[in-house]
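**Q** just a sequence and a predicted model for now, questions to come.
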Amino acid sequence: MVATFANPANFGPDGGSGLTFTIEDLVLEAGEEVSVDFRAGYFEDLTAFQWALQFDPERLEWLATEPLEGFPLMQEHIGIYNIGAGEIRAVWSQAEGVLVTEGEGVCRIKFRVLQSGGKLSEVLALDESEIPASAYTSVFGESKWY
């Protein structure tokens, strides 16, 4: 099962396509280590994105965050300074746009499950309270995430 964090129909001035990330939804079992791969939807001419991910630190313990091979995201684009509060941020940009293919892996976040019950999608959420989730093209076209 895949949980979608964004609906591409909501993006762009004409309702065109926008950047989406999907994850595999999992049932949480205490003691398990889970790897959450963030996979992007098709996006042409991507030059930047930013997002903040909130997780429940009482149910998940963060272990690692790593970029996935093939996408130009690097470790320094991922912020974990507020990890104790359950927050991970990503801010990435480059001068030339890239073509993101459907299902392309962008980053992986590893957690240890602290409490059984429920699904991964119930303990992860975009948090726009301090950083809006957005993606940009090389002509500064913005795609807002909802």
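**A** Yep, that arrived.
**Q** for the chain, what spans make up the helices?
**A** For the chain, helices defined by DSSP state H do not occur.
**Q** quick one: low-confidence parts of it?
**A** Along the chain, segments meeting pLDDT under 70 span 1-17, 141-146.
**Q** can we see that at 50?
**A** 1-16, 145-146 (pLDDT under 50).
**Q** all strands for it, in order.
**A** 2-4, 21-24, 33-40, 43-55, 60-67, 78-79, 87-100, 104-113, 124-126, 134-137, 142-144 (DSSP state E).
**Q** format those strands as a markdown table; extra columns: mean neighbour count.
**A** Where you see a C-beta, it was placed from the backbone N, CA and C, and this is true even at glycine. As requested, those are exported to a markdown table (neighbours: other Cβ atoms under 10 Å):
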| stretch | mean neighbour count |
| --- | --- |
| strand 2-4 | 13 |
| strand 21-24 | 18 |
| strand 33-40 | 17 |
| strand 43-55 | 19 |
| strand 60-67 | 16 |
| strand 78-79 | 16 |
| strand 87-100 | 16 |
| strand 104-113 | 18 |
| strand 124-126 | 18 |
| strand 134-137 | 19 |
| strand 142-144 | 17 |
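**Q** return the residues in contact with G118.
**A** By Cβ atoms under 8 Å, 6 or more residues apart in numbering, the residues touching G118 are V27, L28, R59.
**Q** can you rerun that using 6 Å?
**A** By Cβ atoms under 6 Å, 6 or more residues apart in numbering, the contact list for G118 reads L28.
**Q** please apply the same query to D56.
**A** Residues in contact with D56 (Cβ under 6 Å, 6+ apart) are V123.
**Q** please repeat the previous calculation with a cut-off of 8 Å.
**A** Residues near D56 by Cβ under 8 Å, 6+ apart: G86, V123.
**Q** one more: V91?
**A** A48, F49, Q50, H77, G79, I131.
**Q** relative to V123, how far out is it?
**A** 23 Å (Cβ to Cβ, to the nearest Å).
**Q** same thing with F21?
**A** Remark: distance between F21 and V123 (Cβ to Cβ) = 16 Å.
**Q** kindly report the same for E66.
**A** 20 Å.
**Q** what does H77 give?
**A** Going from H77 to V123 by Cβ to Cβ gives 23 Å.
**Q** same drill for these two, tell me which one is more crowded.
**A** V123 (20 against 17; other Cβ atoms under 10 Å).
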